[in-house]
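Colleague: what shape does this take:
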Amino acid sequence: MSDTPDSKASKAAEASGSARQLLGMKGASGTSSLWKLRLQLMKPVTWIPLIWGVICGAAASGRFEWTLPNVLASFACMLMSGPLLAGYTQTINDYYDREIDAINEPYRPIPSGAISLPQVKAQIWVLLLAGLAVAWGLDRWAGHSTPVVLLLALCGSFVSFIYSAPPLKLKQNGWLGNYALGASYIALPWWAGQALFGQLTWATALLTLAYSLAGLGIAVVNDFKSVEGDRALGLQSLPVVFGIQRASWISALMIDLFQLAMVGVLIAIGQHFAAVLLVLLIVPQITFQDIWLLRDPVAFDVKYQASAQPFLVLGMLVTALAIGHSPLTVGM
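Modeller: From the prediction side, this is the model:
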């Protein structure tokens, strides 16, 4: 007997919920598999910008060559930045956000009781130590006299901890917390990739910190789904402080203005073709902001990020490649 339309729709919804569960996305279905629960805590969907940041850093170094050792080292750096340290960040965030998630996302592994707190703590330590071990190995491979990659990994891990954990809990402050998140997702992996294959410079370090202000706008998008719980527990996210509509405008302006600032930088260093490409990549982002973000960021946050973020990350790569062929790659 062929499936009825209702049964097909049910199977499609089940498959969608299962995929969301594995990626750690909103609207996930439940599971009893411990390894699937662990993966959900690590939120694989959040690894992508960090992996991309490593690629941008390698491009910005101006020294990456397509050799097997370099490719393997880049994959190791992506493993460190994405599955290990981003996984650590997301797991520790879920651990300290279990009361908020009980309101906003009760199906998450911890508030649902599907995984125990000792199991979560063990996962946090395994991911952290594994990430730091890979960072140490990358410094040895690169022959660094100063363990730059390890220091960056330690710095990022510390920021992740104080972002989620009391008493500082940076995420309680919408501006500071979102900037810490944006810098961690854009600047830190970029620095790691650039230091691994070339030399991190003060100019590019400052440039990527400025670029991270666009990342602050992206971080705001993640706050819309948590407004109810944030308000109940007194967290001052930007949607709570300014309201959802104003926060959506703040998000859009931060994303657009600081990318346009990068256009100005590219023009200033003589990378005019890259500047034109970046403008062309900003235009569709503004279009999708009008279609999704500014109309209903709570309902359309996933659709907005899926449609607009590819253009943002491509713009990062264009900027990185331009930097790799500019005087900004000269050492500190």
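Colleague: dihedrals phi and psi, K169?
Modeller: Phi and psi for K169, reported as degrees, to the nearest 10, are phi 40, psi 70.
Colleague: how about the contacts made by it?
Modeller: If you count contacts by CB atoms under 8 Å, 6 or more residues apart in numbering, K169 has them with Y96, I162, Y163. (Each C-beta comes from the backbone N, C-alpha and C, glycine too.)
Colleague: tell me how far the first one lies from L117.
Modeller: Noted for Y96: a distance of 11 Å to L117, by CB to CB, to the nearest Å.
Colleague: compare these two (neighbour count), which wins?
Modeller: Y96 (17 against 10; other CB atoms under 10 Å).
Colleague: count of residues packed around the closest residue to the more buried one other than its chain neighbours?
Modeller: Computed as CB to CB, 6 or more residues apart in numbering, the closest residue to Y96 that is not its neighbour in sequence is S164, at 4.4 Å. For S164, the count of nearby residues is 21 (other CB under 10 Å).
Colleague: in this structure S164 contacts T91, no?
Modeller: No. Look at S164 against T91 with CB atoms under 8 Å: they stay out of range, at 9.7 Å.
Colleague: now for the protein, the helix or strand with the poorest mean pLDDT.
Modeller: Least confident helix or strand of the chain, by mean pLDDT, DSSP states H and E, is helix 5-23 with a mean of 51.
Colleague: tell me the helix or strand right after that helix.
Modeller: Scanning forward in sequence from helix 5-23 by DSSP states H and E, the next helix or strand is helix 34-42.
Colleague: quick one: low-confidence parts of the stretch 101-250 of the chain?
Modeller: Along the stretch 101-250 of the chain, segments meeting pLDDT under 70 are nowhere present.
Colleague: helices along that one, start to end?
Modeller: Residue ranges of the helices in the stretch 101-250 of the chain, as given by DSSP state H, counting those that start in this stretch, are 117-142, 148-164, 174-197, 202-223, 227-232, 238-242, 244-268.
Colleague: quick one: list the elements packing against the first one.
Modeller: So the one you mean is helix 117-142. helix 34-42, helix 68-79, helix 87-96, helix 148-164, helix 174-197 (3 or more CB pairs under 8 Å, 6 or more residues apart in numbering; DSSP states H and E).
Colleague: try it again with 7 Å
Modeller: Packing partners of helix 117-142 (3 or more CB pairs under 7 Å, 6 or more residues apart in numbering; DSSP states H and E): helix 34-42, helix 68-79, helix 87-96, helix 148-164.
Colleague: average pLDDT for the first one?
Modeller: What helix 34-42 shows for mean pLDDT is 93.
Colleague: check the third one too.
Modeller: This predicted structure assigns helix 87-96 an average pLDDT of 96.
Colleague: could you give the angle of that helix to helix 148-164?
Modeller: Angle of helix 87-96 versus helix 148-164, following axes from the mean of the first three to the mean of the last three CA atoms, to 10 degrees, is 20 degrees.
Colleague: what sits up against helix 87-96?
Modeller: 24, 41-43, 46, 101, 108, 110, 120, 123-124, 127-128, 131, 157, 160-161, 164-165 (CB atoms under 7 Å, 6 or more residues apart in numbering).
Colleague: same check, this time on the second one
Modeller: Defining contact as CB under 7 Å, 6+ apart, one finds that helix 68-79 is touched by I51, V54, A58, F64, V134, L138, W141, A192, G193, L196, F197.
Colleague: how close does the closest residue to D139 other than its chain neighbours sit to A261?
Modeller: Setting aside the residues directly before and after it, D139 is nearest to P147 in space (CB to CB, 6+ apart), at 4.2 Å. P147 sits 32 Å away from A261, going by CB to CB.
Colleague: isn't M316 up against C56?
Modeller: Yes. Using CB atoms under 7 Å, M316 makes contact with C56 at a distance of 5.0 Å.
Colleague: what separation do you get for the closest residue to Q172 other than its chain neighbours and Q245?
Modeller: Leaving aside its sequence neighbours, Q172 sits nearest to L235 (CB to CB, 6+ apart; 5.2 Å). With the distance defined as CB to CB, L235 ends up 19 Å from Q245.
Colleague: who has more neighbours, these two?
Modeller: Neighbours per residue, other CB under 10 Å: of L235 and Q245, the larger number sits with L235, 21 against 12.
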